[in-house]
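[1] Sequence first, then the predicted structure:
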Amino acid sequence: MKRQHLETACAVFMLCLGMLAAATTIVGVVRHFSPVPFWDQWDGGVQFYMNALNDPVTAFFQQHNEHRLAFPKLFYFADIRYFGGRNVSLLIVNLLFALLVGIALYRVISRDLPERPAARAIVAGTLLILAFSFVQRENFNWGFQNQWFAIYLFAFCAFHSLERSTDTRTGYASPWLATALTCATLATISMASGLLVFPTLIAFGLYLRLPRTTLATLIVATIAAWALYFHHWTSPGGASLTASMIQHPGGVLKFVILYLGAPFHYALPGRRALVLLCGCVLLGGALLSIWIALTATKRPRAVTLLAMSVFLIGNAIITAAGRYIFGLDAALSSRYTTSGLIAFASVAFFLWLNLSRRIPRATVAVVLMLYVAVVANGQKAVRESAHDEVYRKSIGGLALRSHVYDAAYTSALYPDPSVLRSTAQAAERSGLSIFAADNTDYPPLSERVQSDTACEGQIDIVKATETPGVLAAHGWAFDSGLRRYAPSVLLTDATGRVLGQALTGERRDDVAAALHTQDPYGGWLGFFKMPPDRRVRAFGVLAPGRYCALRGEIDVPAPVPSP
């Protein structure tokens, strides 16, 4: 009875911890939210959408670096077409795919679990923690990342479907095989590493001792998928995979270990030794799993987990060979943590289900719980301020809407100003994303503004931009009645005709000290068109249609100071 109570308590605790992990990650996604397209979203999202309207087949299957992102592009297209290109639907999709990965793992593991609800609840809570761990913050917070979940979901479903095809009692071998091939295809058009799913299926089929006709089907499907994928494919550059492995075998191995241990890098920052230890434990566990599978007298339980582990480690090796030239720190990218989390879960649960002796099995359980505890510690990152990141993106979007393309203002959105300028101008002509006429993130400006209400604040600096006739301005605006900063500012000429807009959020410790407020983000930055008389005023926007005038007006000097 005491053991049952303890197991029930553990089940409740793990389920609550899993739900807390999911909830805090959702909070983190909301805190990092920005409606402005970021990085690859400009060419892989906005530009892709415009291309797809003219030639959809080419646009969907066109290369993006080494990838063909046909499946993820379905969501990129839908986000712009039906949801205003604001990233909201894409971030929801990221969360849903993470949930589906957790459900898929649970479905396979639970087939071999005891019927006790408490045991199943413990496993479910564990998988929730890993699936929604915020160490994957890049894959959760960025609208261009659903493929990092999709590929692993489809790969896992492909392996499980192939395993199910061996169950002769159901009479559904052919449908299960077709499902496996469909999932492998979807993985391939989710990311380039999905190409590994097909050869892994062949190896898995050999292990499962599938009929020759089935193996032949897998081989033909692999050849066809690879041939179609590499048709008109061009190398994006970088080091040769074989060259890296031959010239730097030790470095590639260390990259693989760091890649697999990357979740610890975010859960325990600065503990490189523990990251390496985690990767080594995972590799060792995978080798032990393979040995168990090859020496077992009958098929192990949940052998799909082993196939997934082999695929993920193969993926780590290929990634290491291709990315080693960028240095070992490249292995610690947040987007790679999803692979490490799924690999650890797959290896740990495979061993736990297949080790028969009590002590080794208990050891695996303890190691898994320690791993989960460390990963859960990574949820603390949700509390970190996202203000600077979100503000830089907002200013970048405002700059583009103001026809300012200087890298000083837009580098937070895309690394190449000339490419960004071309894409943004085309998007503006088409009225897409932040340029949409009904966009609520950058509402239309009033034509004129007047107000007898005064705010503390002023225009501090006016600078030239690379766009003729458009200037940048810095300042601050504070409503002393409400004891808060004006969230945005309108820049006008002397008569109140609106020339441009500014957003509050720049760090100004001097202003905070002078106003005796704890909020240091009272500075604003904006852009405006030069008025003919060179005289400029500013009005704080307190609420829709409600303004306050900042003191005085300034005469813009000629020439305007350079940025």
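    Sure thing, it's come through.
[2] got the contact list for the residue positioned nearest the centre of the chain?
    Here the mean C-alpha position of the chain is nearest to the C-alpha of residue 139 (Cα atoms, centre = their mean), at a distance of 1.9 Å. Residue 139 is in contact with 94, 98, 145, 148, 149, 334, 335, 337, 338, counting by Cβ atoms under 8 Å, 6 or more residues apart in numbering. For the C-beta atoms, the positions are set from N, CA and C on the backbone; glycine is no exception.
[3] That one: which element?
    Element membership of residue 139 [criterion: DSSP states H and E] is helix 137-141.
[4] mean confidence score for the helix or strand that contains residue 514?
    For residue 514, the element it lies in under DSSP H and E is helix 509-515. Averaged over helix 509-515, pLDDT sits at 95.
[5] Could I get the average pLDDT for the very next helix or strand once past that helix?
    As assigned by DSSP H and E, the chain's next helix or strand after helix 509-515 is strand 523-529. Summarised as a single mean, pLDDT over strand 523-529 is 97.
[6] Stretch 446-466 now?
    Confidence over stretch 446-466, taken as the mean pLDDT, stands at 92.
[7] What's the end-to-end length of it?
    26 Å (Cα to Cα, to the nearest Å).
[8] And it, how far out from the chain middle?
    37 Å (Cα atoms, centre = their mean, to the nearest Å).
[9] what bridges to residue 484?
    Assessed by DSSP bridges, residue 484 has beta-bridge partners residue 479.
[10] and residue 475, how many residues sit next to it?
    26 (other Cβ atoms under 10 Å).
[11] Over to it: give its phi and psi.
    phi -180, psi -160 (degrees, to the nearest 10).
[12] Quick one: list the elements packing against the helix or strand of the chain with the lowest mean pLDDT.
    Least confident helix or strand, the chain: helix 241-247 with a mean of 79, by mean pLDDT, DSSP states H and E. Here helix 241-247 touches helix 249-267, helix 303-323, going by 3 or more Cβ pairs under 8 Å, 6 or more residues apart in numbering; DSSP states H and E.
[13] Which SSE is immediately downstream of the last one?
    So the one you mean is helix 303-323. Counting by DSSP H and E, what follows helix 303-323 is helix 337-354.
[14] The shortest one now?
    From helix 249-267 onward toward the C-terminus, using DSSP H and E, the following helix or strand is helix 272-295.
[15] Not counting that following helix itself, show me its contacts.
    Against helix 272-295 from outside (Cβ under 8 Å, 6+ apart): 207, 254, 256-265, 268, 300, 303, 305-306, 309-310, 313, 332, 340, 343-344, 347-348, 350-351, 354-355, 364, 367, 371.
[16] please redo it, this time with the cut-off set to 7 Å
    The contact list for helix 272-295 (Cβ atoms under 7 Å, 6 or more residues apart in numbering) reads 257-258, 260-262, 264-265, 268, 300, 303, 306, 309, 313, 343-344, 347-348, 350-351, 354, 367.
[17] Could you tell me the angle between it and helix 303-323?
    For helix 272-295 against helix 303-323, the angle by axes from the mean of the first three to the mean of the last three Cα atoms, to 10 degrees is 130 degrees.
[18] rewinding a little: which among the contacts of helix 272-295 count as buried?
    257-258, 260-262, 264-265, 268, 300, 303, 306, 309, 313, 343-344, 347-348, 350-351, 354, 367 (16 or more other Cβ atoms under 10 Å).
[19] residue boundaries of the helices in the stretch 351-500 of the chain?
    Residue ranges of the helices in the stretch 351-500 of the chain, as given by DSSP state H, counting those that start in this stretch, are 358-377, 387-401, 407-410, 417-430.
[20] do the stretch 101-250 of the chain as well
    Assigned by DSSP H, counting those that start in this stretch, the helices in the stretch 101-250 of the chain fall at 117-131, 137-141, 146-164, 173-188, 197-208, 212-229, 241-247, 249-267.
[21] Contacts for the fourth one next, please.
    What that stands for is helix 173-188. The contact list for helix 173-188, computed with Cβ under 7 Å, 6+ apart, reads 71, 151, 154-155, 157-158, 161-162, 164-165, 194-195, 197-198, 201, 214, 217, 221, 225, 229.
[22] burial measure for residue 444, as a count.
    Residue 444 has 8 neighbours, counted by other Cβ under 10 Å.
[23] For residue 438, see how far away it is.
    Distance, residue 444 to residue 438, by Cβ to Cβ, to the nearest Å: 9 Å.
[24] What of residue 357?
    Distance from residue 357 to residue 438, by Cβ to Cβ: 65 Å.
[25] before we move on, what about residue 65?
    Plainly put, residue 65 is 33 Å away from residue 438 if you go by Cβ to Cβ.
[26] Between those two, point out the one with more neighbours.
    Shown here are residue 65 and residue 438; by other Cβ under 10 Å, residue 65 has more neighbours (13 against 8).
[27] per-residue confidence for the closest residue to the more buried one other than its chain neighbours?
    Nearest non-adjacent residue to residue 65, counting by Cβ to Cβ, 6 or more residues apart in numbering: residue 236, 4.9 Å away. With respect to pLDDT, residue 236 has a value of 80.
[28] and the closest residue to residue 447 other than its chain neighbours, what are its bridge partners?
    Nearest residue to residue 447, sequence neighbours excluded (Cβ to Cβ, 6+ apart): residue 498, at 6.1 Å. As for beta bridges, residue 498 partners with residue 492 under DSSP bridges.
[29] how many other residues sit next to residue 498?
    Using other Cβ under 10 Å, residue 498 is surrounded by 17 other residues.
[30] Use 754 as the first number from now on
    From this message on, residue numbering opens at 754, which makes the last subject residue 1251.
[31] shouldn't it be in contact with residue 1279?
    No: between residue 1251 and residue 1279 there is no contact under Cβ atoms under 7 Å: 11.3 Å.
[32] And the closest residue to residue 872 other than its chain neighbours, how close does it get to residue 1114?
    Nearest residue to residue 872, sequence neighbours excluded (Cβ to Cβ, 6+ apart): residue 866, at 5.5 Å. Applying Cβ to Cβ, the value for residue 866 to residue 1114 is 13 Å.
[33] What of residue 961?
    When distance is defined by Cβ to Cβ, residue 961 is 25 Å away from residue 1114.
[34] right, so of the helices of the stretch 1104-1253 of the chain, which gets closest to residue 1243?
    Across the helices of the stretch 1104-1253 of the chain, residue 1243 has its closest neighbour in helix 1140-1154 (12.4 Å, Cβ to Cβ).
[35] What are the buried residues along that closest one?
    1142-1154.
[36] Break the protein into its domains for me.
    755-786+840-983+993-1135, 1142-1188, 1207-1308 (automatic domain parsing).
[37] Let's have the helices and strands packed on helix 994-1000 in a markdown table, adding mean pLDDT and distance to residue 775.
    Formatted as a markdown table, the helices and strands packed on helix 994-1000 follow (pLDDT from 0 to 100; distance: least, Cβ to Cβ, whole Å):
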| stretch | mean pLDDT | distance to residue 775 |
| --- | --- | --- |
| helix 1002-1020 | 95 | 17 |
| helix 1056-1076 | 96 | 22 |
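[38] what would the ones you listed look like in CSV with distance to residue 1245?
    Putting the helices and strands packed on helix 994-1000 into CSV (distance: least, Cβ to Cβ, whole Å) gives the following:
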stretch, distance to residue 1245
helix 1002-1020, 46
helix 1056-1076, 51
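[39] what about those, which gets the closest to residue 1136?
    helix 1002-1020 (13.7 Å).
[40] distance between that closest one and the chain's centre?
    The chain centre lies 19 Å from the centre of helix 1002-1020; the measure is Cα atoms, centre = their mean.
[41] Same question for stretch 931-938.
    So, by Cα atoms, centre = their mean, the centroid of stretch 931-938 is 25 Å from its chain's centroid.
[42] for that stretch, which positions count as buried?
    Quick answer for stretch 931-938 (16+ other Cβ under 10 Å): 932, 933, 934, 936, 937, 938.
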